[in-house]
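K.L.:
need a structure here:
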Amino acid sequence: MSVTELEFEAQTAEAAPEQAIEGRSQWQLTWRRLRQDRVAVISLVVILIMVVIAIAAPAFAALAGHPVDATYPDNGLSGAGTPVGPATHGFLLGTDGVGRDLLVRIVYGARISLFVGVITTAIATVAGVSVGLIAGYFGGAVDAVLARFIDAVLAFPYVVLALALAVVLGPSLTVIIAVISFFSWAGISRIVRGQTLSIKEKEYVEAARSLGAGPFRIMFIDILPNLLAPVLVLATLYIPTAVIFEATLSYLGLGIQQPTASWGNILADAQNFYQQAWWYVVFPALALLITTLAFNLLGDGIRDAMDPRTERIFAARRKRRRREQGTPLAEGELAGTSPGGLPGGGA
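P.N.:
I've put the predicted structure just below:
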């Protein structure tokens, strides 16, 4: 190679911009893995569709021309007084026992179920994280008292308490939210407490403590960010549990009361017509099943995406997909590592 060629290559290398190696955060890696999980992505899309439907419930009622509480005894009931079937007299999913549009009732029921699920999970998450952090960080007598209280809450038959409160205070949305929130925080608190007991012994926590950081700063600045992953997974799995619990109480007549629409009280009314009107049972039950299943599958997907040990699974999927598409593999993937050269992660 001549001196002229060497000078040209040297000048080209100096003029070329430096290739910065940018690290990916935990959330970027999680989102990358989650996008590769088709089941989780489909579940997320289903949840978003259910949220949009619940928000736009008045628009559905306006398009159908049937208000949620309006009864149509003339064309909404058969001659025998039973509900009419789907696609009959303008009722897309049929009617209920008193001649109301079943589709509109189910859509409005989604508002109650999603509202209860999200609100109770948010309250339980805040309470559970706070109690778990305090118990795990301070330890000693504080941990002993709070841990025993957590165990007592987990051991208490919450259905019995829910029934008792509903009888004493009367069935209402407030009672449902209070009961579900009270019995949901304990499970989150136990997980947070265990993680806090482990994290508070880490070197960076000791360093923050030696520099004079206070306990609450350490808990909420140094420890809490490392707890967001398991808390997010738990919250995603608690939402369908709350939805099922609300539907159960409403089905038993101790939750949402008529004429307010809820999947639970729709199914309770449908039990008198399950032989004459199959749609009255199937469609609200299907809405409940799809919603809870989507949240559970999304929670499983988030849990897998946040676990670094599952990176091998996602890497194998990427290599298989690229082989099927005929795309050349990256140098790191040929050796069973990520393009950044680190097994199980990206640079």
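
K.L.:
any regions of this protein where pLDDT drops low?
P.N.:
Counting by pLDDT under 70, the chain shows low-confidence ranges at 1-26, 308-319, 321-322, 324-347.

K.L.:
mind listing the strands for it?
P.N.:
Counting by DSSP state E, the chain forms no strands at all.

K.L.:
show the contacting residues for the residue sitting nearest the centre point of it.
P.N.:
Geometric centre of the chain, nearest residue: residue 236, 2.6 Å, by Cα atoms, centre = their mean. Residues counted as contacts of residue 236 (Cβ atoms under 8 Å, 6 or more residues apart in numbering) are 295, 298, 299, 302. For glycine as for every other residue, the C-beta is placed from the backbone atoms N, C-alpha and C.

K.L.:
out of those, who's nearest residue 221?
P.N.:
residue 302 (24.0 Å; Cβ to Cβ).

K.L.:
hmm, back to that, so the residue nearest to the centre of the chain versus residue 293, what's the distance?
P.N.:
According to Cβ to Cβ, to the nearest Å, residue 236 and residue 293 sit 13 Å apart.

K.L.:
cool, and residue 91?
P.N.:
Separation of residue 91 from residue 293 (Cβ to Cβ) stands at 26 Å.

K.L.:
more crowded one of these two?
P.N.:
Neighbours were counted for residue 91 and for residue 293 using other Cβ atoms under 10 Å; residue 91 has more, 25 against 13.

K.L.:
hey, what's that one bridged with?
P.N.:
Here residue 91 sits in beta bridges with residue 88, going by DSSP bridges.

K.L.:
my guess is it contacts residue 84. True?
P.N.:
Yes - shown here, residue 91 and residue 84 form a contact pair, counting by Cβ atoms under 8 Å, at 6.2 Å.

K.L.:
joint contacts of those two?
P.N.:
Common neighbours of residue 91 and residue 84, counting by Cβ under 8 Å, 6+ apart, are residue 76.

K.L.:
tell me which residues touch the closest residue to residue 33 other than its chain neighbours, please.
P.N.:
Using Cβ to Cβ, 6 or more residues apart in numbering and skipping residues adjacent in sequence, the residue nearest residue 33 is residue 305, 3.9 Å away. The contact partners of residue 305, taken as Cβ under 8 Å, 6+ apart, are 30, 31, 33, 34, 37, 40.

K.L.:
for PyMOL, write the selection for the buried entries among the residues you listed.
P.N.:
The command below creates a PyMOL selection of those among the contacts of residue 305 that count as buried (16 or more other Cβ atoms under 10 Å):
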select buried, resi 30+33+34+37+40
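
K.L.:
now, which of the contacts of residue 305 sits nearest residue 129?
P.N.:
Nearest member of these to residue 129, counting by Cβ to Cβ, is residue 30, at 19.0 Å.

K.L.:
need the contact list for the closest one.
P.N.:
Per Cβ under 8 Å, 6+ apart, neighbours of residue 30: 229, 302, 305, 306.

K.L.:
just curious, which of those residues is nearest to residue 59?
P.N.:
Checking those against residue 59 by Cβ to Cβ gives residue 302 as the nearest, at 30.6 Å.

K.L.:
what about that closest one, neighbour count?
P.N.:
23.

K.L.:
for residue 286, same thing?
P.N.:
If you count neighbours by other Cβ under 10 Å, residue 286 ends up with 12.

K.L.:
against residue 252, how distant is it?
P.N.:
According to Cβ to Cβ, residue 286 and residue 252 sit 21 Å apart.

K.L.:
what of residue 233?
P.N.:
Per Cβ to Cβ, residue 233 is found 30 Å from residue 252.

K.L.:
the two: who's more crowded?
P.N.:
Set residue 233 next to residue 252 and count neighbours by other Cβ under 10 Å: residue 233 wins out with 21 against 16.

K.L.:
test my guess that that one contacts residue 303.
P.N.:
Yes - using Cβ under 8 Å, residue 233 is in contact with residue 303, at 4.6 Å.

K.L.:
what touches both of these two?
P.N.:
Joint contacts of residue 233 and residue 303 (Cβ under 8 Å, 6+ apart) do not exist.

K.L.:
ok, which stretches of the stretch 51-200 of the chain are helices?
P.N.:
57-64, 102-138, 140-155, 158-169, 173-199 (DSSP state H, counting those that start in this stretch).
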